[in-house]
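Engineer: Whatever this is, show me its structure:
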Amino acid sequence: MTAPARITLSDPATWPSRRVEGWKWTDLRRWLREAPEPSGPAAVAGSGPFGALPGDSLTFANGRPVGADAFVASREQSLHLRFVSDAENTGHTTSVRIAARPGARLLILESHEGRGSAYVAHNRLSIDVPAGAEVRRIVIADEPADALSLTEVDVSVGEGAVYTQTILATGARLQRQETRIVHAGHGASVCADGLYALTGDRHADLTSVVTHAGPDGQTSQLIKGVVRDTARGVFQGKIVVERGADGTDARMGHHALILSDRGEVDAKPELIIYADDVQCAHGNTVGNLDESALFYMQQRGLSADEARALLTRAFLLEVVDRIEHEGAREEVRTWLMERS
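Structural biologist: Okay, the predicted model is just below:
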């Protein structure tokens, strides 16, 4: 397999272009022509989109930690992980490590909060989920339309561990959430869900690679997207089943709606299987709203706009409803309803 691009904002030679297979629909070089000036300090206001929920806090403002710069969970805990960008025409990089001890249960409430304009944010996150631990990660990426935002996440999942994530992206000039998961199998379970809801000329890219390195592991992935105006949604999902990872059960689905004449969705779901005795499947659909469902709802007294909004929300909420933590699920549902 091709190694992932290692990006350094200060080194243009590391910036991928459309000639790199994994970046052919998210051309960083098109928008980033020269190394940005480093962002200055920024103040952090408010408590973020998950502020109503209790938990510890780990916050970074323009790449700088506000207090601690790493977190280790040793019991059942919640963590508010906030990446706050408040800059104009500058760039910043953040590197964070989060780990759970064996048997710990951690809920990560992650937010990418953007103010200012035309900034470049590059976030690197490492998550260690050892044997018997459980980590659930919920991400809201809400940034200005002219920002460039890249997030790279490396996750290690041990034997018998549980890792789930749900990413909600509203896009930017270029917004990419990339997740790379190494799956030990042996009863471990991974769920890597996400959705994008895009308007204007925003661009969102949800890219993931799940590598099953051991036998008897499970992976489930559901990605949904809605694109309006001239926006562009990208999904690249790859599940790799290595030799010896027999008994793997892996399922991937991507489904998108294009609600305009000039919107675009690019999708590339992949299964690469080197083992025997596996159950793996993937599916991909891109289309418009069901005309018969629209007609039915209008016959019941709804306007065309109301019917479209209701069907679109129901389409996206299937992803939200898979979030197991009730408080986080309701916060995400409210956030999404205000934007769809």
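Engineer: from here on, contacts and neighbour counts on C-alpha atoms
Structural biologist: OK.
Engineer: On the pLDDT front, check Ala3 for me.
Structural biologist: Ala3 is assigned a pLDDT of 55 by the prediction.
Engineer: ok, now Arg97?
Structural biologist: At Arg97, pLDDT is 98.
Engineer: That one in helix, strand or coil?
Structural biologist: Under DSSP: H, G, I helix; E, B strand; the rest coil, Arg97 falls in the strand class.
Engineer: Quick check: it touching Ala68?
Structural biologist: No - counting by Cα atoms under 8 Å, Arg97 stays clear of Ala68, with 10.8 Å between them.
Engineer: Comparing these two, which residue is more hemmed in?
Structural biologist: Comparing Arg97 with Ala68 by other Cα atoms under 10 Å, the one with more neighbours is Arg97, at 15 against 11.
Engineer: Identify the bridge partners of that one.
Structural biologist: With DSSP bridges applied, Arg97 shows beta-bridge pairing to Ala70, Ser126.
Engineer: Can we start the residue count at 99 from this point?
Structural biologist: Okay, using 99 as the starting number, the last item reads as Arg195.
Engineer: What residues does it make contact with?
Structural biologist: 167-169, 223-225 (Cα atoms under 8 Å, 6 or more residues apart in numbering).
Engineer: could you redo the last one with a cut-off of 10 Å?
Structural biologist: Applying Cα atoms under 10 Å, 6 or more residues apart in numbering to Arg195 gives the contacts 167-170, 222-226, 251-252.
Engineer: what are the pairing partners of whatever helix or strand Tyr261 lives in, and which direction each?
Structural biologist: Taking DSSP states H and E as the criterion, the element that holds Tyr261 is strand 260-267. Using DSSP bridges, the strands paired with strand 260-267 are strand 232-240 (parallel), strand 287-296 (parallel).
Engineer: For those, give me CSV that also has mean pLDDT, mean neighbour count and distance to Ser145.
Structural biologist: Shown next, in CSV, are the strands paired with strand 260-267 (pLDDT from 0 to 100; neighbours: other Cα atoms under 10 Å; distance: least, Cα to Cα, whole Å):
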stretch, mean pLDDT, mean neighbour count, distance to Ser145
strand 232-240, 98, 22, 14
strand 287-296, 98, 24, 23
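Engineer: Look at Ala379 and say how many residues are nearby.
Structural biologist: Residues lying near Ala379 (other Cα under 10 Å) number 15.
Engineer: Could you do Glu208 as well?
Structural biologist: Quick note: Glu208 (other Cα under 10 Å) scores 22 neighbours.
Engineer: Met435 and Thr262, how far apart?
Structural biologist: 22 Å (Cα to Cα, to the nearest Å).
Engineer: More neighbours: which of the two?
Structural biologist: Remark: of Met435 and Thr262, Thr262 carries more neighbours, 20 against 13, as counted by other Cα under 10 Å.
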